[in-house]
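# I would like the atomic coordinates for the input below:
(one chain, ligands or ions: 1)
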Amino acid sequence: MALERDFDVVIIGAGGAGMMCASTAANRGRKVILLDHSTKIGRKILISGGGRCNFTNIGANPESFVSQNPHFCKSALSRYRPDDFVSLVRKHKIRYHEKKLGQLFCDDSASQIVDMLVEECDDAGARFQMDCQIFSIKKTGDKFVISTSAGDFRSESLVVATGGLSIPQIGATGFGYDIARQFDLKIVETAPALDGFNFSKADAEHFKDLPGISLDTIVTCKKATFRENILFTHTGLSGPASLQASLYWHKGEALKFDLLPQFDAEKWLSRIKTSHNNKVELKNVLSEKLPKRFAEKFAQLMNMNRPINQLNERQISDLAQHLHGWTLHPSGTVGYRKAEVTRGGVDTKELSSQTMEAKKVPGLYFIGEVVDVTGQLGGYNFQWAWASGFAAGESC
Ligand SMILES: Cc1cc2nc3c(=O)[nH]c(=O)nc-3n(C[C@H](O)[C@H](O)[C@H](O)COP(=O)(O)OP(=O)(O)OC[C@H]3O[C@@H](n4cnc5c(N)ncnc54)[C@H](O)[C@@H]3O)c2cc1C
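Okay, the predicted model is just below:
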């Protein structure tokens, strides 16, 4: 059967945002096709949340997102809320649970979310063309012509839902940014995010024996603070607090860690100094509150590993300050091969916050991660994919 060529809406990218947009538009009676170069639908959803997909966060609000325009995401997020997605999940009888901090995960498998979205698209009449390489896009008159390995498609609306650059090994590309540039739309500089940090050369040497050690900390990067664990790796820091901080960090900036959150280190150390226990070496005192290997390293780096009664008041105060404000200057973040998201993207100044349509190119839409709206760890990025996909789907 010859492939139909004329559609109301062509969506490039069959990920979360693309499928949400497709089902929404098709339910309005629009003739919709999703084109994707992958052979598999929704690959990022499949690998998300450790295979269980953290599909939303019940506390999602605009403050959990980073963008050059922090107000841009408000309209879409308010019109498609976490509850709306939860209703869809319930309608499809997918069991889920809150893991922590409002993060909702499937009880069983992320593939249930992909199956649900595919079913929603199928029911609404949206079609999929997978394994489809896009060669070029042109706008002639009020129609887009998309030339692909499956032939040319024509449409009134073109929705770009190609995601970001993270995990190129499963097909992520910068194609969405290329399309934006082709139509003269600005891009906010992109960077890998939610990926954690690499140590500087000196710190890599200092901490080479600590992989696997995890600490409860408050990490601060500029004004953003997170209370969660950090995890030492062979090359740097991972763990939820480090991933969160990497969303806010730029090259050359410092990270601060409170290693004893909600605890007064100076009072504690002073008390030990004046107790009958005051001949205990610092590393052993610290290992009451911190993992032993880290405590040893910390005492050594502070050059204070001696019985605590040999430390004067100024040294105790200095030590306490370092415990509450341990500072690192990472050499960089880990990079796109591990990053959960791409920070930056299509400049929101170019788009309508109501519809995601490009202001100077009628009919051209950008949704999901390709846009300069990036969420914290914890289900926020999917909520943005659903909300921006819905906003465009109502309009395209
Ligand atoms: C390991 C990992 C775990 C994650 N876990 C979570 C989580 O639990 N919760 C959460 O909220 N977020 C999570 N994220 C982030 C989340 O997956 C993304 O933000 C979200 O998938 C973005 O949706 P999207 O539809 O914009 O893009 P994508 O899901 O990336 O979809 C883009 C689609 O476009 C296609 N495409 C790309 N280039 C081309 C091209 N040139 N031609 C044709 N098609 C193309 C791709 O094949 C893909 O199907 C995770 C990310 C990763 C990498």
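
# please make it C-alpha for all contacts and neighbour counts, starting now.
Fine.

# the helices in the chain, which residues?
Here the chain has its helices, by DSSP state H, at 16-27, 43-47, 74-79, 82-91, 111-124, 175-182, 201-206, 240-248, 265-273, 282-286, 292-301, 313-324, 380-393.

# winner for burial among those?
Among those, the stretch with the highest mean neighbour count (mean count of other Cα atoms under 10 Å) is helix 16-27, at a mean of 29.

# per-domain residue ranges of this protein.
The chain breaks down by automatic domain parsing into domains covering 6-191+342-393, 197-333.

# can I get those in TSV with mean pLDDT and distance to the ligand?
Shown next, in TSV, are the domains of the chain (pLDDT from 0 to 100; distance: least, Cα to the nearest ligand atom, whole Å):
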stretch	mean pLDDT	distance to the ligand
domain 6-191+342-393	97	3
domain 197-333	96	12
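
# picking up where we left off before, quick one: closest of the helices of the chain to G332.
Shortest distance between G332 and these, using Cα to Cα, is found for helix 240-248: 9.1 Å.

# hey, C-alpha coordinates of the closest one in PDB?
Taking C-alpha atoms only, helix 240-248 is exported to PDB below (Å, rounded to 0.1, in the frame of the first residue of the first chain):
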ATOM      1  CA  PRO A 240      21.600  12.300  43.600                       C
ATOM      2  CA  ALA A 241      23.000  15.400  45.300                       C
ATOM      3  CA  SER A 242      25.900  15.600  42.700                       C
ATOM      4  CA  LEU A 243      23.500  15.000  39.800                       C
ATOM      5  CA  GLN A 244      21.200  17.800  41.000                       C
ATOM      6  CA  ALA A 245      24.200  20.200  41.500                       C
ATOM      7  CA  SER A 246      25.400  19.500  38.000                       C
ATOM      8  CA  LEU A 247      22.300  21.100  36.500                       C
ATOM      9  CA  TYR A 248      23.300  24.400  38.000                       C
END
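
# same for that helix, what does it pack against?
Packing contacts for helix 240-248, counted by 3 or more Cα pairs under 8 Å, 6 or more residues apart in numbering; DSSP states H and E, involve strand 187-193, strand 197-198, strand 214-221, strand 224-232.

# mind listing what the shortest one pairs with, with the direction of each?
The strands that strand 197-198 pairs with in its sheet are strand 236-238 (antiparallel), strand 332-333 (antiparallel) (by DSSP bridges).

# N303: which of these is closest?
strand 236-238 (22.2 Å).

# quick one: the closest one to chain centroid distance?
Counting by Cα atoms, centre = their mean, to the nearest Å, strand 236-238 is centred 16 Å from the centre of its parent chain.

# repeat for stretch 130-139
27 Å.

# sorry, back to before: export the strands paired with strand 197-198 as a markdown table, with columns for distance to L282 and mean neighbour count.
Listed next are those as a markdown table, based on distance: least, Cα to Cα, whole Å; neighbours: other Cα atoms under 10 Å:
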| stretch | distance to L282 | mean neighbour count |
| --- | --- | --- |
| strand 236-238 | 24 | 25 |
| strand 332-333 | 32 | 24 |
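
# in a markdown table: those, plus distance to N27.
Shown next, in a markdown table, are the strands paired with strand 197-198 (distance: least, Cα to Cα, whole Å):
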| stretch | distance to N27 |
| --- | --- |
| strand 236-238 | 42 |
| strand 332-333 | 42 |
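
# what's the closest of the ones you listed to S352?
Comparison of the strands paired with strand 197-198 against S352 by Cα to Cα identifies strand 332-333 as nearest, at 31.5 Å.

# off-centre distance for that closest one?
15 Å.

# identify the bridge partners of the spatially most central residue of the chain.
The centroid of the chain falls nearest to V341 when counting by Cα atoms, centre = their mean (4.1 Å). For V341, the beta-bridge partners are A193 (DSSP bridges).

# which of the helices and strands packed on helix 240-248 is buried the deepest?
Burial of those is given as mean neighbour count (mean count of other Cα under 10 Å); strand 197-198 ranks first at a mean of 23.
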